[in-house]
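Chemist: model the structure of this input:
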Amino acid sequence: MINSNRTGWLLGSILLIVHLASAQSAKQRYASLQQAVFSGAQLNGSQGPRSVNWIEDGNKFSFIDGQSTIKTFTPKDQKEETVFDGSQLKFPGTEKPFAYESFQWSKDSKNILFQTNFRQVYRRSGISDYYVYSVASKSLKVVAKDAQTAELSPDGQKIGYERGGNLFMFDFATQKETQFTDDAKPAFLNGRFGWVYEEEFGLAQAWEWSPDSKFIAFWQSDERQVPMYKLTDYKGFDEKFDSLPYPRVGDTNPTVRIGVIEVANRAKQWIKVDLDGGYIPRIYWTSQEGQLALMHLNRKQNHLRLFMANGRTGQAKQIMEEKSSTWIDVFDFFAGINHLIYFPAGIQEFYWVSDRDGYSHLYRYDYTGKLLNPVTSGKWEVTYVHHIDPKARKVYFTSTEASPLERQLFVADLDGKNKRRLTTIPGRHTINFSPNGQYFIDRYSNTETPTQVELRDTKGSLIKALETNKQVTDYLGSHAFAPKELSSFTTSDGQKIDISIIKPLDFDPAKKYPIVLDIYGGPGSQSVYNDFASSGWHQWLAQTGYVVVGVNNRGSGGYGRDFEKIVYEKLGKYESQDFVETAAYLAKQPWVDGARMAIRGHSYGGYMSSYTMLTHPGIFKVSLVGAPVTDWRLYDTIYTERYMGLLPENDEKYKISAVSPYARNLAGKMFIAHSTMDENVHVRNTFQLMNALEDAGKDADLRIYPPGAHGVAYSPTTQLLLFQQYTTYLETNLKGTPLN
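Modeler: Below you'll find the model as predicted:
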């Protein structure tokens, strides 16, 4: 018997598809891949006020307007003022127009510290010149040249900075520079991290002012025993090699220790915590004068200890510890969250985000290490703690409670009671919170809505819409666009997997389309959110007849400890399984051509696109591989040993997770792109895979972009070229005849 309601629903759906296809066909389409690739800015639109800095204890925020003007906005009366206009300003003593990369305010809002002449060193760091600008006198003065990091003291009276591996201070009152350390030498640095600490623990600045401006705590890093890695772009007739200390799995690591400088007398004290072959990934000043909290991780990164230390004597006492059968996180790279522990001012308590009960939740402790209470609980994750207000006894945090595909802002009492949701619109919300706990800037989007930016108070009331992105809406009104759809399926072993799908323009459910899985897949990452689709390349693929799919595979963050950490010591196994299961699920859809599927990824995604292709031959016809890790024994200690354990005890597990041993299984077309100047994932990974493929008599296509670093492409021209090569490869090898 035919269900009449079902028939009506199907007829309505078909009519809607026909209507949408007709509407899209009347709109303007991309004339070229170039136009599509560079349309991302039009789809992203404006992200609202740039370089937001809350000032005057959170009663105002400043932002960059235009090229160089800095304005302030007062939420209470919505008054906007210009506090800096650099349009006519010159670098002191020159005719060169003043330009800057970033800025920070003094606590009293009387001075602005500008970072200028930035020269990149690593991912997060570079050498710069720093100038201070007096708002009252409108004068500009250089205070630090060739410094890698600089920061105003909390009292606004001094600036600290690191230059050449030593620490310095400039005092505004005396107009004099003080040098605090003088023992730097190559690979021996004060207040500066080497590559592996910066890259894998997420911080660029290796020193911290105390809240009262009386002390500076810093890392001293010794990399003299770390193996050197050399790289060149092969330009000219005589190669010039760059080099950096880079410890691979099992190598000697940097040794670090924490020093404390008392500013008034320049006295230096070393904190008495034995490194014991491990790491010190974080330090925090507490609300007690001169008291420093110090985190210690063992090398395997599954045992974390927290110490309280006296900055004047160096004496330290362990107050708590946490152990795990997998690994312990101290920050979230993918969410841009540098800290998972918080020491609010004015209270002798700290707050820790831990997944000890299966999901990341917030726990409250006193300074003796006694657990006072869990603040949150449930089968969802706290992803970001924005503000802790000891007086009002409230904490504001973002979580996945609404959905792992969303990020929503909540508030709760410090004892966990009276939890309340503050953001209500579905989507992925990114919050910028005022330090007084009264306001927040909410930047969000969802699959149907381009980025919106709103200023709200903590009662939830809208103060002002800072950005509506009408230009994006207008663009979509005249240009064809393929929206992202959210879906899910259950794997053969019972795991629910969330995916996103972008269908071709003029989608016809009676036709069969090729699939491109565009993936990343690394531990803690997340590829699929309820947010707006803004990739110009994905839009080009949709326009030219592909279905583009994203996957939140096992190993992804946002779904709890068991979902994420199942990959421990088994990198590649569950991720590739989920990509294959995704392909199998899609192949069952009547509009999918299961014989024409591709998988594409970069970095960890390059590892996964190559590993999946070779360990599950015949599923994907094409693999696009960018800057891949092909053997985890070639990658750095901190990242790899966190997820794969140590050598030699886990040698067999490392062999299983490598790509090259499966080269003989290649049963399709593989395109690989890499740079010889990639200091992160060394090109040796790609060369070893190519060697294994050639030994097995397997053909693969290789493109080398010598100076491109980890991104492979190194300019707009090469970015377009890379995507042209990807696209042509798909057209040639995916839209051709199916695999035999």
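Chemist: partner strands of the helix or strand where I599 lies, with direction?
Modeler: Assigned by DSSP states H and E, I599 belongs to strand 592-602. Paired with strand 592-602 in the same sheet, following DSSP bridges, are strand 513-519 (parallel), strand 622-626 (parallel).
Chemist: closest to E448 out of those strands?
Modeler: strand 513-519 (20.9 Å; Cβ to Cβ). Backbone N, C-alpha and C define where each C-beta goes, glycine included.
Chemist: what angle sits between whatever helix or strand comes next after that closest one and strand 592-602?
Modeler: For strand 513-519, the succeeding helix or strand toward the C-terminus, using DSSP H and E, is helix 536-543. Here helix 536-543 points in a direction 170 degrees away from that of strand 592-602 (axes from the mean of the first three to the mean of the last three Cα atoms, to 10 degrees).
Chemist: wait, isn't L33 in contact with W540?
Modeler: Yes. With contacts counted by Cβ atoms under 8 Å, L33 reaches W540, the gap being 5.6 Å.
Chemist: of these two, who's got more company?
Modeler: The neighbour count for L33 versus W540, taken as other Cβ atoms under 10 Å, is higher for W540 (23 against 20).
Chemist: spit out the contact partners of the more buried one.
Modeler: W540 makes contact with Y30, L33, A36, V37, T727 under the criterion Cβ atoms under 8 Å, 6 or more residues apart in numbering.
Chemist: can you name every helix or strand that the helix or strand harbouring the last one contacts?
Modeler: Just to be clear, that refers to T727. Using DSSP H and E, T727 sits within helix 716-733. With contacts defined as 3 or more Cβ pairs under 8 Å, 6 or more residues apart in numbering; DSSP states H and E, helix 716-733 has these neighbours: helix 33-37, helix 536-543, strand 622-626, strand 669-674, strand 701-704.
Chemist: contacts for that helix?
Modeler: Contacts of helix 716-733 (Cβ under 8 Å, 6+ apart): 33-34, 37-38, 514, 516, 537, 540-541, 544, 546, 598, 600, 621-622, 624, 668-669, 671, 673, 701, 703, 705, 708, 712-713.
Chemist: what do you get for stretch 422-432?
Modeler: Stretch 422-432 has contacts (Cβ under 8 Å, 6+ apart) with 52, 54, 384, 386, 396, 398, 402, 405-411, 440-446, 449, 452, 456, 458, 460, 529-531.
Chemist: quick check: mean pLDDT across that stretch?
Modeler: Averaged across stretch 422-432, the pLDDT comes to 97.
Chemist: okay, how far is it across it, tip to tip?
Modeler: 13 Å (Cα to Cα, to the nearest Å).
Chemist: buried residues in the strand holding I599?
Modeler: Using 16 or more other Cβ atoms under 10 Å as the test for burial, strand 592-602 gives V592, D593, G594, R596, M597, A598, I599, R600, G601, H602.
Chemist: which one is the residue positioned nearest the centre of the chain nearest to, not counting chain neighbours?
Modeler: Nearest to the geometric centre of the chain sits F334, at 3.2 Å (Cα atoms, centre = their mean). Nearest residue to F334, sequence neighbours excluded (Cβ to Cβ, 6 or more residues apart in numbering): S525, at 4.7 Å.
Chemist: S492 too?
Modeler: In this structure, S492 finds its nearest non-sequential neighbour in E581, 6.5 Å apart by Cβ to Cβ, 6+ apart.
Chemist: element containing that neighbour, please.
Modeler: Per DSSP H and E, E581 falls inside helix 573-587.
Chemist: which residues outside that helix are in contact with it?
Modeler: Contacts of helix 573-587 (Cβ under 8 Å, 6+ apart): 489, 491-492, 495, 497, 499, 515, 517, 519, 521, 547, 549, 551, 553-555, 566-567, 592, 594, 597, 599, 608, 611-612, 615-616, 619-620, 656-657.
Chemist: restricted to helices, list those.
Modeler: Among the contacts of helix 573-587, the members found in helices (DSSP state H) are M608, Y611, T612, T615, I656, S657.
Chemist: now distance to Q288 too, for these, in CSV please.
Modeler: Listed next are the ones in helices among the contacts of helix 573-587 as CSV, based on distance: Cβ to Cβ, whole Å:
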residue, distance to Q288
M608, 46
Y611, 49
T612, 52
T615, 53
I656, 49
S657, 45
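Chemist: kindly write the ChimeraX command that selects the buried subset of the residues you listed.
Modeler: Listed next is the ChimeraX selection for buried residues among those, using 16+ other Cβ under 10 Å:
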select :608,611,612,615,657
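Chemist: closest to Q301 among the ones in helices among the contacts of helix 573-587?
Modeler: Nearest to Q301 among the ones in helices among the contacts of helix 573-587, with distances taken as Cβ to Cβ, is S657, at 17.3 Å.
Chemist: and the nearest residue to Q301 once chain neighbours are set aside, helix, strand or coil?
Modeler: Closest residue to Q301 in three dimensions, ignoring its sequence neighbours and counting by Cβ to Cβ, 6+ apart: R642, at 4.5 Å. Here R642 is helix, with the state taken from DSSP: H, G, I helix; E, B strand; the rest coil.
Chemist: you'd agree R642 is up against W327?
Modeler: Yes. Counting by Cβ under 8 Å, R642 touches W327, with 4.9 Å between them.
Chemist: the residue nearest to F334: neighbour count?
Modeler: 21.
Chemist: which residues touch it?
Modeler: Residues in contact with S525, defined by Cβ under 8 Å, 6+ apart, are F334, G555, S556, G557, Y604.
Chemist: from S134, how far off is it?
Modeler: To S134, S525 is 44 Å away according to Cβ to Cβ, to the nearest Å.
Chemist: quick one: F481 is in a helix?
Modeler: No. Counting by three-state DSSP, F481 is not found in a helix; it is coil.
Chemist: tell me the pLDDT at the residue nearest to it when sequence neighbours are not counted?
Modeler: Ranked by Cβ to Cβ, 6+ apart and with sequence neighbours excluded, the top spatial neighbour of F481 is Q539, at 6.8 Å. Per-residue confidence (pLDDT) for Q539: 97.
Chemist: what's near enough to touch Q539?
Modeler: Y30, A36, S39, L43, F481, A482, I502, A533.
Chemist: got JSON lines for those residues, with distance to D108 and pLDDT too?
Modeler: Listed next are the contacts of Q539 as JSON lines, based on distance: Cβ to Cβ, whole Å; pLDDT from 0 to 100:
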{"residue": "Y30", "distance to D108": "51", "pLDDT": "95"}
{"residue": "A36", "distance to D108": "49", "pLDDT": "94"}
{"residue": "S39", "distance to D108": "44", "pLDDT": "88"}
{"residue": "L43", "distance to D108": "41", "pLDDT": "94"}
{"residue": "F481", "distance to D108": "48", "pLDDT": "96"}
{"residue": "A482", "distance to D108": "51", "pLDDT": "97"}
{"residue": "I502", "distance to D108": "50", "pLDDT": "98"}
{"residue": "A533", "distance to D108": "44", "pLDDT": "96"}
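Chemist: closest to V472 out of the residues you listed?
Modeler: For the contacts of Q539, the minimum distance to V472 (Cβ to Cβ) is 6.6 Å, reached by L43.
Chemist: angle of the helix holding E581 against strand 513-519?
Modeler: Going by the same axes, to 10 degrees, helix 573-587 makes 160 degrees with strand 513-519.
Chemist: buried residues in helix 573-587, which are they?
Modeler: Of all the residues in helix 573-587, those buried under the rule 16+ other Cβ under 10 Å are 573-583, 585-586.
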